[in-house]
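Student: kindly generate the corresponding structure for this input.
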Amino acid sequence: QVLLAESGGGSVEAGGSLRLSCAASGRTFSSYAMGWFRQVPGKEREFVAGVSRTGGGTYYADSVKGRFTASRDNAKNTVYLQMNSPKPEDTAVYYCAASLRGISWSGRDYDYWGQGTQVTVSS
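Tutor: Numbering: from 1, shown residues only. Modelled structure (predicted):
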């Protein structure tokens, strides 16, 4: 089992920056591809970014491409989401998730989820 805990959320002004972290328990962190998702009340959870097992591959939703950067440090069992130039529409609860199947756009392919961290972007 993998336990995930996000941190780093909070309030930020549009155009600023924020870095989310997701710390994972367990010795098998490097066996999992990691994803970042977000959800706004009343809307479905959406894929934001994904990082391959080694960190060599990253994938992004079009809405954040060029602004957000996902990375991981397997020695620290941690995955990151660097949010640059956030916009008010990026306001959401952000979740990290772990997948044995590899990076996927679908939340159904992820095996473990964190509890989420709120990000609020003001204009």
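Student: drop to CA atoms for contacts and neighbour counts, all remaining ones
Tutor: OK.
Student: can you give me the strands in this protein?
Tutor: Assigned by DSSP state E, the chain shows strands spanning 4-7, 10-13, 17-24, 33-39, 46-51, 58-60, 68-73, 78-84, 92-99, 112-113, 117-122.
Student: identify the residues contacting the most centrally placed residue in the chain.
Tutor: Computing the C-alpha centroid of the chain and ranking residues by Cα atoms, centre = their mean puts residue 36 first, at 2.5 Å. Going by Cα atoms under 8 Å, 6 or more residues apart in numbering, residue 36 touches 47, 48, 49, 50, 81, 94, 95, 96, 97.
Student: in TSV: these, plus distance to residue 14, neighbour count and pLDDT.
Tutor: Below are the contacts of residue 36 laid out as TSV (distance: Cα to Cα, whole Å; neighbours: other Cα atoms under 10 Å; pLDDT from 0 to 100):
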residue	distance to residue 14	neighbour count	pLDDT
47	21	21	98
48	18	26	98
49	20	26	98
50	23	29	98
81	16	24	98
94	17	26	98
95	20	26	98
96	22	31	98
97	26	28	98
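Student: dump those to JSON lines, plus distance to residue 31.
Tutor: Below are the contacts of residue 36 laid out as JSON lines (distance: Cα to Cα, whole Å):
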{"residue": "47", "distance to residue 31": "20"}
{"residue": "48", "distance to residue 31": "20"}
{"residue": "49", "distance to residue 31": "18"}
{"residue": "50", "distance to residue 31": "14"}
{"residue": "81", "distance to residue 31": "19"}
{"residue": "94", "distance to residue 31": "22"}
{"residue": "95", "distance to residue 31": "19"}
{"residue": "96", "distance to residue 31": "15"}
{"residue": "97", "distance to residue 31": "13"}
